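>>> Mind folding the following:
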Amino acid sequence: MITASNRAAAGTYQDTSGKLLAHLLAEAGCEVDGPRVVPDGEPVEAALRSGVAEGYDVIVTTGGTGLTPADLTPEMTRRVIDREVPGIAEAIRQVNREKVPTSILSRGLAGQAGGTLIVNLPGSSGGVRDGMAVLAPVLRHAVDQIRGGDHPR
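Residues are numbered from 1 along each chain as shown. Down below sits the predicted model:
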């Protein structure tokens, strides 16, 4: 997993969303490596490419999905993925929309790069919780599908 944060990478800000994401992924049954904290922009692309090359089944990012000029995680993700899985990102934006109307401003993507599923989550703790509420129930099936598995009957 990757935290995209200029401030956390510089050591001026504590990476709380990355620690929460690691906890929630472990709770979902994943073996967790990270968070790897990098500045937003091209370091995110490099970290994603490295994770794909290392053969990770899933890479989840937190941060860099907003509207500020420095938020470039979706652009870096788009450079790496072979095909999008738009339903995941759409569901994450909608999951808590009633309580957090600004959730629709997240530009996070989800997609497949080779044998790896990549999902962008917002950088807030609430965004991570909401995103994992969507992602956790489908992770095993998504990984199985990427590996060529059939639909459960």
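
>>> Please state the offset of the strand or helix carrying Leu20 from the chain centre?
Using DSSP states H and E, Leu20 falls within helix 16-27. Helix 16-27 sits 11 Å away from the centroid of its parent chain (CA atoms, centre = their mean, to the nearest Å).

>>> helices and strands around that helix, which ones?
Under the contact criterion of 3 or more CB pairs under 8 Å, 6 or more residues apart in numbering; DSSP states H and E, helix 16-27 touches strand 2-4, strand 58-62, helix 125-135. Using the backbone N, CA and C atoms, a C-beta is placed for each residue, glycine as well.

>>> mind checking which of those is nearest Val38?
Each of the helices and strands packed on helix 16-27 has some distance to Val38 by CB to CB; the shortest is strand 2-4, at 6.2 Å.

>>> buried set for the helix or strand bottoming out on mean pLDDT in the chain?
Lowest mean confidence among the helices and strands of the chain (mean pLDDT, DSSP states H and E): helix 6-10, at a mean of 92. Going by neighbour count (16 or more other CB atoms under 10 Å), the buried part of helix 6-10 is 6, 8-9.

>>> Same check on stretch 45-52?
If you call a residue buried by 16+ other CB under 10 Å, then stretch 45-52 has these buried ones: 45, 47-48, 51-52.

>>> The closest residue to Lys19 other than its chain neighbours: neighbour count?
Leaving aside its chain neighbours, Lys19 sits nearest to Pro35 (7.0 Å; criterion: CB to CB, 6 or more residues apart in numbering). Applying other CB atoms under 10 Å, we find 24 residues neighbouring Pro35.

>>> Distance check, Pro35 against Arg140.
Per CB to CB, to the nearest Å, Pro35 is found 21 Å from Arg140.

>>> Kindly report the same for Ala133.
Separation of Ala133 from Arg140 (CB to CB): 15 Å.

>>> With Glu42 instead?
Distance of Glu42 to Arg140, computed by CB to CB: 32 Å.

>>> With Gly115 instead?
From Gly115 to Arg140 the distance is 15 Å (CB to CB).

>>> Same question for Glu31.
For Glu31, the distance to Arg140 (CB to CB) stands at 13 Å.

>>> Give me the more crowded residue out of the two.
More crowded of Glu31 and Arg140, by other CB under 10 Å: Arg140, with 15 against 8.
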